[in-house]
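Q: my questions are about this predicted structure, shown below with the sequence.
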Amino acid sequence: MSTTTQELWVARDNIDQTKLATVKLGPIKEDEVLCRIDSFGLSANNVTYAVLGQSYRYFDFFPTSDAKYANVPIWGMATVTDSNSSAVKVGERVYGYFPIAQHHVLKVKAAANGSKEGWFYVPREHLPEDRKVYNQYFRASADPFYDPRHEGEMLLFRPLFWTSFFLADYLKENKYYGAKTVIISSASSKTAFCFAFLAQASGIRTIGLTSPSSVPFVKSLGYYDSIYTYDQISSIPKDSTVLYVDVSGSKALATDVFNHIGASNIRRSVSVGMSNAQEAKGTFPGETEIFFAPTWIKKRQDELRDQLPRLQAKAWKEAMDRVDNWVKLSNGHGPASVEKLWKTMVNGRTAPDVGYVMSLWKTDAGSKL
């Protein structure tokens with residue numbers, strides 16, 4: 001049976017330009033399942049996927065029929081509505097990587113151990129090996145990080161938190177490159193404050209950079225030892241060695257920090273996101289490293305093996321115990337709502353204390369939220 005679905009595409013050369021596409025999905029083939037995408041988190045993380053869509057091949061996960069446009073990946077919850085796979089049953093709910101769409105077909109790679117452990121893989125041989133982390137889909141019935149009471153929060157924070165978790169792990173393994181202080185841009189963004197939460201627990205001093213309007217929210221989090229607005233950079237003390245963590249993607253801001261602190265006092269500069277796509281232009285100062293989480297995740301999976309899930313479970317529980325104090329959830333339904341929010345996010349105009357859980361379905365009839 002064929003299915004007609006809607007997808008929200010973005011122009012490859014201008015992610016602020018969108019197109020609502022109607023796509024016909026043919027009958028599913030052997031080992032394929034049809035998923036109804038119930039809901040998904042939408043944040044600056046997805047904007048980063050789009051900005052890096054071509055260079056990091058995020059646009060290659062879900063190809064479109066129009067070479068001018070691309071699908072932006074999201075992390076969502078879906079319900080299996082049809083299955084030609086012995087490993088996945090109709091009615092199962094799964095969490096994983098999808099396009100912004102109403103339906104999507106997944107080809108399931110049969111794996112007996114995965115079936116028992118509550119997950120399955122989708123083979124994507126055209127992508128590099130280090131993208132494998134995006135190919136794992138978790139069954140809600142056996143997902144250790146799924147809690148129906150916090151489904152919305154999970155959709156929003158799970159990809160962001162793990163980026164922050166593995167960045168903190170990476171920097172801790174490298175002893176923060178000898179720095180005594182970490183300066184974090186876009187301090188109100190979810191990736192930034194999740195990282196600050198983890199870094200502060202390691203004992204390193206944290207300084208947050210944010211806009212004046214976000215100062216009250218950033219202070220309320222309690223994860224920054226000091227907070228400065230972007231026009232107060234010249235007031236930051238220069239009495240400590242510094243690690244600069246860029247979450248904004250702003251090269252101009254990074255240059256201001258380097259000029260004030262002094263290149264000799266900056267032990268390392270790491271970029272991990274682009275909370276404002278409009279500022280992600282130019283060149284970073286110094287030898288700024290782009291942190292690509294999947295590469296480090298694969299390394300730590302090989303090194304820590306069974307120990308890693310226990311460390312993740314502990315960190316995730318600590319985060320979810322606090323999540324109610326972090327943001328208010330806002331649910332949006334329908335293509336117009338998703339498209340409007342996307343354009344707002346691309347231009348960096350969303351409130352820091354709101355988290356968005358969206359669906360292309362016009363009502364919540366397709367959602368379990």
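A: Okay, I see it. Numbering: from 1, shown residues only.
Q: could you list the domains of this structure?
A: Residue ranges for the domains of the chain, per automatic domain parsing: 3-143+327-366, 159-294.
Q: compute the first-to-last residue distance for the last one.
A: Right, the one you point to is domain 159-294. Across domain 159-294, the terminal residues are separated by 11 Å (C-alpha to C-alpha, to the nearest Å).
Q: tell me the mean pLDDT for that domain?
A: Mean pLDDT, domain 159-294: 92.
Q: off-centre distance for that domain?
A: 17 Å (C-alpha atoms, centre = their mean, to the nearest Å).
Q: one more: stretch 128-135?
A: Centroid displacement of stretch 128-135 relative to its chain, using C-alpha atoms, centre = their mean, is 15 Å.
Q: state the mean pLDDT of the helix or strand encompassing Lys340.
A: Using DSSP states H and E, Lys340 maps to helix 335-346. When pLDDT is averaged along helix 335-346, the result is 96.
Q: returning to that earlier point: can I get the domains of the chain in a markdown table with mean neighbour count and distance to Gln301?
A: Using the backbone N, CA and C atoms, a C-beta is placed for each residue, glycine as well. Rendered in a markdown table, the data for the domains of the chain read as follows (neighbours: other C-beta atoms under 10 Å; distance: least, C-beta to C-beta, whole Å):
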| stretch | mean neighbour count | distance to Gln301 |
| --- | --- | --- |
| domain 3-143+327-366 | 18 | 9 |
| domain 159-294 | 19 | 10 |
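Q: and the ones you listed as CSV, adding distance to Arg310?
A: Putting those into CSV (distance: least, C-beta to C-beta, whole Å) gives the following:
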stretch, distance to Arg310
domain 3-143+327-366, 15
domain 159-294, 13
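Q: those domains: which one's closest to Glu318?
A: When these are ranked by distance to Glu318, counting by C-beta to C-beta, first place goes to domain 159-294 at 8.4 Å.
Q: would you mark the buried spots in stretch 308-327?
A: Judged by neighbour count using 16 or more other C-beta atoms under 10 Å, the buried positions of stretch 308-327 are 312, 315-316, 319-320, 323, 326-327.
Q: let's see it as CSV, backbone CA atoms only.
A: As requested, C-alpha coordinates have been extracted for stretch 308-327 and formatted as CSV (Å, rounded to 0.1, in the frame of the first residue of the first chain):
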residue,chain,number,x,y,z
LEU,A,308,29.8,3.6,29.2
PRO,A,309,26.0,2.9,29.4
ARG,A,310,26.2,3.0,33.2
LEU,A,311,28.0,6.4,33.1
GLN,A,312,25.4,7.6,30.6
ALA,A,313,22.5,6.4,32.7
LYS,A,314,23.8,8.1,35.8
ALA,A,315,24.4,11.4,34.0
TRP,A,316,21.0,11.2,32.3
LYS,A,317,19.1,10.6,35.5
GLU,A,318,20.9,13.6,37.1
ALA,A,319,19.8,15.8,34.1
MET,A,320,16.2,14.6,34.1
ASP,A,321,16.0,15.2,37.9
ARG,A,322,16.6,18.9,37.0
VAL,A,323,14.9,19.3,33.7
ASP,A,324,11.7,20.7,35.0
ASN,A,325,13.7,23.7,36.2
TRP,A,326,15.4,24.2,32.8
VAL,A,327,12.7,25.0,30.3
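Q: re earlier: mind giving me the packing neighbours of the helix holding Lys340?
A: Helix 335-346 makes packing contacts with strand 3-11, strand 14-25, strand 32-42, helix 44-51, strand 354-359 when contacts are defined by 3 or more C-beta pairs under 8 Å, 6 or more residues apart in numbering; DSSP states H and E.
Q: lowest average confidence across the ones you listed, which one?
A: Lowest mean pLDDT within these: helix 44-51, a mean of 92.
Q: what inclination does that one have with respect to helix 335-346?
A: Going by axes from the mean of the first three to the mean of the last three C-alpha atoms, to 10 degrees, helix 44-51 is angled at 80 degrees with respect to helix 335-346.
Q: tell me which helix or strand comes right after helix 44-51.
A: Counting by DSSP H and E, the next helix or strand C-terminal to helix 44-51 is strand 69-71.
Q: give me the residues contacting that next one.
A: Contacts of strand 69-71 with the rest of the structure, by C-beta atoms under 8 Å, 6 or more residues apart in numbering, involve 7, 9-12, 19, 21, 50, 53, 59, 61-64, 99-101.
Q: which one of the helices and strands packed on helix 335-346 lies nearest to Ala293?
A: Across the helices and strands packed on helix 335-346, Ala293 has its closest neighbour in helix 44-51 (10.6 Å, C-beta to C-beta).
Q: so which elements touch the closest one?
A: For helix 44-51, the contact count by 3+ C-beta pairs under 8 Å, 6+ apart identifies strand 14-25, strand 73-83, helix 151-173, helix 190-201, helix 335-346 as packing neighbours.
Q: Thr295 touches Asp130, doesn't it?
A: Yes. Look at Thr295 against Asp130 with C-beta atoms under 8 Å: they come within range, at 5.0 Å.
Q: in the stretch 251-369 of the chain, which spans are strands?
A: In chain order, the stretch 251-369 of the chain shows strands spanning 266-271, 289-290, 328-333, 354-359, with DSSP state E, counting those that start in this stretch as the criterion.
Q: quick one: low-confidence residue ranges for the stretch 1-150 of the chain.
A: Low-confidence segments of the stretch 1-150 of the chain (pLDDT under 70): 110-117.
Q: any idea of the angle the helix holding Lys340 forms with strand 328-333?
A: With the same axes, to 10 degrees applied, the angle from helix 335-346 to strand 328-333 works out at 130 degrees.
Q: please work out which residues outside helix 335-346 touch it.
A: Contacts of helix 335-346 from elsewhere in the structure, counted by C-beta under 8 Å, 6+ apart, are 6, 8, 10, 15-16, 18, 20, 42-44, 46-47, 50, 100, 277-278, 332, 350, 356, 358-360, 362.
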